[in-house]
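Engineer: I'll drop the sequence and a predicted model, then ask my questions.
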Amino acid sequence: MSNVPVVRIGDGIEMPIVGFGTWQLSGRSAYDSVRVALEIGYRHIDTATMYGNEAEVGRAVRDSGLDRGEVFITTKLQPRRAGQERATLTQSLRALGTDYVGPVADSLAAAWRSVGGDVARVPRVAFGATVPCDRSVQLQPGRDR
């Protein structure tokens, strides 16, 4: 996994284009899966508030021994949380045990649009930085979207 291509996003940040998804993982399974993913070379971990596994994802990243700056964590928010983005992101950051995440994608973009926000500049709660996130692509083999 060391030669995973990256895409340059806002502020010169490079995000690995291949990420490890944690949908439907919970508890010990989420923790162990993320630890193994990091051990074999994944450096992009994807979670979401609705997955209910952010605490396990964050703990696995911390316990991996990797520098936090080496691991790109992305999360998503539920559209029903429109208008509560900052509070929801703050809760996610607390659960993940980190002070920043990568782009907050898909679901937040829809929510942000619904309150009249400019999706090309969705806030990133890394204390003021912003990243474009309306260009995300999600591949789920076996599922039509």
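Structural biologist: Sure, I can see it.
Engineer: quick one: the strands in this structure?
Structural biologist: Assigned by DSSP state E, the chain shows strands spanning 6-9, 13-16, 20-21, 44-46, 72-76, 104-105.
Engineer: okay, now residue 47: neighbour count?
Structural biologist: 29 (other Cβ atoms under 10 Å). Glycine gets a C-beta too; all of them are placed from N, C-alpha and C.
Engineer: quick one: contacts for it?
Structural biologist: 22, 53, 54, 57, 73, 74, 75, 76, 96 (Cβ atoms under 8 Å, 6 or more residues apart in numbering).
Engineer: Quick check: the closest residue to the second one other than its chain neighbours vs residue 12, distance?
Structural biologist: Counting by Cβ to Cβ, 6 or more residues apart in numbering, the nearest residue to residue 53 once its immediate chain neighbours are dropped is residue 30, at 4.1 Å. Distance, residue 30 to residue 12, by Cβ to Cβ, to the nearest Å: 31 Å.
Engineer: who's more crowded, the two?
Structural biologist: Applying other Cβ under 10 Å to residue 30 and residue 12 shows that residue 30 carries more neighbours, namely 22 against 6.
Engineer: Wait, the more buried one touches residue 58, no?
Structural biologist: No. Taking Cβ atoms under 8 Å as the definition, residue 30 is not a contact partner of residue 58, at 10.3 Å.
Engineer: distance of the closest residue to residue 26 other than its chain neighbours from residue 61?
Structural biologist: Among residues not flanking residue 26 along the chain, residue 53 sits closest, at 5.3 Å (Cβ to Cβ, 6+ apart). From residue 53 over to residue 61 the distance is 12 Å, taken as Cβ to Cβ.
Engineer: follow-up on the earlier one: from the contacts of residue 47, which has minimum pLDDT?
Structural biologist: The lowest pLDDT within these belongs to residue 76, with 83.
Engineer: Next one: the residue nearest to it when sequence neighbours are not counted from residue 78, what distance?
Structural biologist: In this structure, residue 76 finds its nearest non-sequential neighbour in residue 48, 3.9 Å apart by Cβ to Cβ, 6+ apart. As judged by Cβ to Cβ, residue 48 and residue 78 stand 8 Å apart.
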